[in-house]
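Everything below, folded, please.
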Amino acid sequence: MSLKIVTLSIVSHNQGELVQNLLNTLDDYLIHSDLVVRIVVTENTDSTWRPYSAKHSLTYIENLRPKGFGDNHNTVFENNKCDYFLVVNPDILLIQPFNLDNLIDIMKTNDIAIASPLIINTDLVLEDFRRSDITLINLIKRHLFSKPDKKFDWFAGMFLVLDAKAFKTLKGFDTKFYMYVEDCDLCMRARKKSLKLKDIDFISVVHNSRRDSRKKISSTLTHARSIIRYWFSI
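Model prediction:
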């Protein structure tokens, strides 16, 4: 029986140090024996850095022009045949053994299309990676009450594990969004097709959040435009 292939996609915006820290923790903690893991790092801006992995096959791509979150990951998926596709943000760190074999087995056994490990912050507190559908009321609730949801509609795209057949059925991320809301849109489209989403509660990863959309006016405006576009596409 041939080994299952996993492609792990990371998109950098001149975030070489963050990406290298992530790659180091993947070398240290990512466990797999029945899988072939290939890592693809896409640099979305001009940069002179080069990523390095001691244990995994690594491909480095430099964009000629910047592309959005979904567009970058779709390109990696389209050019790398795989059975499972992992979308991982540069500001993620593994801090404990991450058994990818077990996670994939759970997805196969339970017919799960989209999974996420638990996402915790640098203080080891659970983040709000499980979220309710983006409605005006839910946005207000989220900003007023920061308690993470247990009942959820979608996963924030910090660390998504995607069944490749399901991702292909969904035609990947919708590139009409740029940098924000692609994750919500993908998960909600999956739900409409009765595809399963599951949080994997025995694995945790750390998210060193930058919250750019709350710090930069340009990011805030881009985020707002994506939300409005999402509302009009429902």
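
Helices along the chain, start to end?
All helices of the chain, identified by DSSP state H, fall at 16-29, 69-79, 100-109, 136-144, 164-169, 182-192, 212-215, 217-233.

is the residue lying closest to Phe167 once chain neighbours are set aside in a bridge, and if so with what?
The shortest distance from Phe167 to any non-neighbouring residue, by Cβ to Cβ, 6 or more residues apart in numbering, is to Phe85 (5.6 Å). Where you see a C-beta, it was placed from the backbone N, CA and C, and this is true even at glycine. Beta-bridge partners for Phe85, by DSSP bridges, are Thr7, Leu162.

Contact partners for Phe85?
Phe85 makes contacts with 6-7, 9, 73, 77, 161-162, 164, 167, as judged by Cβ atoms under 8 Å, 6 or more residues apart in numbering.

Spatially, which two of those are the most separated?
Val6 and His73 (14.2 Å; Cβ to Cβ).

quick one, which of those two is more surrounded?
His73 (30 against 24; other Cβ atoms under 10 Å).

Please look at the more buried one and Leu86 and confirm they touch.
No: here His73 does not reach Leu86: they are 9.9 Å apart, not a contact under Cβ atoms under 8 Å.

for the protein, where's the lowest mean pLDDT among helices and strands?
helix 212-215 (a mean of 49; mean pLDDT, DSSP states H and E).

returning to what we had before: name the member of the contacts of Phe85 with the most neighbours.
His73 (30 neighbours).

ok, now how distant is that one from Asp183?
10 Å (Cβ to Cβ, to the nearest Å).

ditto for His207
13 Å.

Name the surrounding residues that touch the longest strand along the chain.
Across the chain, the longest stretch assigned as strand under DSSP state E is strand 196-207. Among residues not part of strand 196-207, those counted as contacts by Cβ under 8 Å, 6+ apart are 89, 91-96, 98-99, 102-103, 106-107, 110-122, 124, 127, 129-130, 152, 154-155, 158-159, 161, 187, 190-191.

Name only those of these that count as buried.
89, 91-94, 98, 103, 106-107, 112-120, 127, 129-130, 152, 154-155, 158-159, 161, 187, 190-191 (16 or more other Cβ atoms under 10 Å).

for Met104, what are its contacts?
Careful, residue 104 is Ile and not Met. For Ile104, the contacting residues are 4, 6, 35, 84, 161, by Cβ under 8 Å, 6+ apart.

since we're on Ile5, how many residues are nearby?
By other Cβ under 10 Å, neighbour count at Ile5 equals 16.

Next, the angle from the longest strand of the chain to helix 16-29.
110 degrees (axes from the mean of the first three to the mean of the last three Cα atoms, to 10 degrees).

Okay, buried residues for strand 196-207 please.
Result for strand 196-207 [16+ other Cβ under 10 Å]: buried residues 197-198, 200, 203-207.
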